[in-house]
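[1] no FASTA, just this:
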C-alpha cells in the first residue's frame, strides 16, 4: 500500500477560514482575475454526431479550438450514470478503505488513489484528489488497483470502456479524414487494438476561497484524445486568444480534448488544448476523463504525408514512454 497522506477531501472537511497559503496561486493565475468576463464569450463547439457533416465539424474544432463537445455520441445515459455513481461511491468510502488503493510511485505503483497535494514549480498545490487505473487493453489491466468492495464498480467501468473504444475509433476516423489521410491512419499510428485507455476520477471538494486557487493548473494532455464526463458544477476552462473561457455544461454531452500526440501526428494542424480547472465554494465538482494513449514503446511523429518542403516536421518522433518522461520531468522534448 502507498504512503498515507492528508487528502484535499479531508482538508476541505476540516478547514475553517482562509485557504492555506500553499494553495493560493500567483496573481496572474487567480481565476477571479483571469477568467473572461467582458461580454458574450465564444463557446467551444457542440457537435451532433448523428448529423451529416459532423466529421468536418470535428476536424474544424480540432484545428480551431483543440476542444469540442459531442452529443448523440452513442454512449447510453444509464452507462454514464452508472460510471458516475460508482465514482461518487469511491470517494464516499472511509479514508482507510481509499488508502488501500493509494499510489506508491516509489514501488512502481502508479495507478490508484492520490492527491494533488504535491507542490508545483512555484511551490503551490492544487485543490484536487483523484483515482485512476488502466481499463484497456486487457493485458495491461491490473484489477488489484480497482476497488473490490464497491458493488458494480468493475462492471460499470468495463461497460463504459467498450463505448470509449468505439467512440475513439470514430473520432480518430473523422480526424484522419480531416487531414486528407485514410480513415484508419490515426488509429493505426496510435497502436490499433493495443491503444491504452486510462480511466480517471477527479474530485474537487468545496473550497473556501475558490477565486484564489485552481483544481488543476494549466496544461495540455499527453494523450491522443481525452474524453471527459463532467458533473454539472462549472470548472473546466480553455485558453484561447489570450483569455480563459468557461466550457459550458451541456447535459449528456462528452467533452473531447485534443492531446499532444494528435498535435504531433498532425504536424501541428490540430492543436492540443491548454486547459485548467477552477473549483466551487459550495459544491463538489467531479469529472471522469478517459485518456486514450499509445502503448509506451510506440513511437509517434508527424505523419509522412503531412511533412513537405513548405511544411517541414515540427516535432521529433519519440516513443510515448520517452515523451511522458520528458513532459513529466519538464525536460527538453
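    It's in. Note that the structure is predicted; figures quoted are calculated from it, not measured.
[2] rest of the way, CA atoms for contacts and neighbours
    Fine.
[3] shouldn't residue 239 be in contact with residue 275?
    Yes. Using CA atoms under 8 Å as the test, residue 239 is close enough to residue 275 to be in contact (6.0 Å).
[4] between those two, who's got more neighbours?
    In this view residue 239 and residue 275 are compared by other CA atoms under 10 Å, and residue 275 has more residues nearby, 23 against 18.
[5] how close does the more buried one get to residue 93?
    Here the distance between residue 275 and residue 93 works out to 30 Å (CA to CA, to the nearest Å).
[6] do residue 40 as well
    Using CA to CA, one obtains 42 Å as the distance from residue 40 to residue 93.
[7] same check on residue 75?
    Taken as CA to CA, the spacing of residue 75 relative to residue 93 amounts to 27 Å.
[8] who has more neighbours, these two?
    Neighbours per residue, other CA under 10 Å: of residue 75 and residue 93, the larger number sits with residue 75, 19 against 13.
[9] can you give me the helices for the stretch 101-250 of the chain?
    Under the criterion DSSP state H, counting those that start in this stretch, the stretch 101-250 of the chain carries helices at the ranges 153-178, 185-189.
[10] elements contacting the first one?
    If you count contacts as 3 or more CA pairs under 8 Å, 6 or more residues apart in numbering; DSSP states H and E, helix 153-178 packs onto helix 54-64, helix 77-91, strand 129-136, helix 185-189.
[11] in TSV, list these along with distance to residue 313.
    As requested, the helices and strands packed on helix 153-178 are exported to TSV (distance: least, CA to CA, whole Å):
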stretch	distance to residue 313
helix 54-64	17
helix 77-91	39
strand 129-136	31
helix 185-189	16
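[12] among these, which comes closest to residue 32?
    Taking CA to CA as the criterion, strand 129-136 is the member of these that comes nearest to residue 32, at 22.2 Å.
[13] tell me the buried residues in the closest one?
    When burial is assessed from 16 or more other CA atoms under 10 Å, strand 129-136 yields the following buried residues: 129, 130, 131, 132, 133, 134, 135, 136.
[14] do the same with stretch 289-302
    For stretch 289-302, using 16+ other CA under 10 Å, the buried residues are 289, 290, 291, 292, 293, 294, 295, 298, 299, 300, 301, 302.
[15] for those, work out which two are farthest apart.
    Greatest spacing in those, by CA to CA: 289 and 302 (25.5 Å).
[16] low pLDDT regions in the stretch 51-200 of the chain?
    116-122 (pLDDT under 70).
[17] let's see 90
    In the predicted model of the stretch 51-200 of the chain, residues 103-110, 114-125, 149 satisfy pLDDT under 90.
[18] first-to-last residue distance for stretch 269-288?
    End-to-end distance of stretch 269-288: 27 Å, with CA to CA as the criterion.
[19] sorry, wrong one. I was asking about stretch 277-288.
    This stretch, stretch 277-288, spans 13 Å end to end (CA to CA).
[20] show me which residues of that stretch are buried.
    For stretch 277-288, the neighbour count (16+ other CA under 10 Å) marks 277, 278, 279, 280, 284, 285, 286, 287, 288 as buried.
[21] widest-spaced pair of those?
    The two members of the buried residues of stretch 277-288 with the most space between them (CA to CA) are 280 and 288, at 17.3 Å.
[22] look at the nearest residue to residue 191 once chain neighbours are set aside and report its pLDDT.
    Of all residues beyond its chain neighbours, the one nearest residue 191 is residue 294 (5.7 Å), with distances taken as CA to CA, 6 or more residues apart in numbering. Per-residue confidence at residue 294 stands at 98 (pLDDT).
[23] any idea how far residue 225 is from residue 294?
    Counting by CA to CA - residue 294 and residue 225 are separated by 10 Å.
[24] what is the neighbour count of residue 78?
    In terms of burial, residue 78 registers 11 neighbours under the definition other CA under 10 Å.
[25] quick one: the strands in the stretch 1-150 of the chain?
    With DSSP state E, counting those that start in this stretch as the criterion, the stretch 1-150 of the chain has strands at 46-48, 67-71, 112-115, 129-136.
[26] returning to what we had before: ok, the buried residues of stretch 277-288 vs residue 12, which is closest?
    residue 284 (10.4 Å).
[27] quick check: the closest one touching residue 206?
    Yes. With contact defined as CA under 8 Å, residue 284 reaches residue 206; the gap is 5.2 Å.
[28] now do the SS call for residue 261.
    Using DSSP: H, G, I helix; E, B strand; the rest coil, the three-state assignment for residue 261 comes out as helix.
[29] among the helices and strands packed on helix 153-178, which is nearest residue 264?
    Closest to residue 264 of the helices and strands packed on helix 153-178, according to CA to CA: helix 185-189, at 11.3 Å.
[30] got the contact list for the closest one?
    169, 172, 173, 175, 176, 265, 300 (CA atoms under 8 Å, 6 or more residues apart in numbering).
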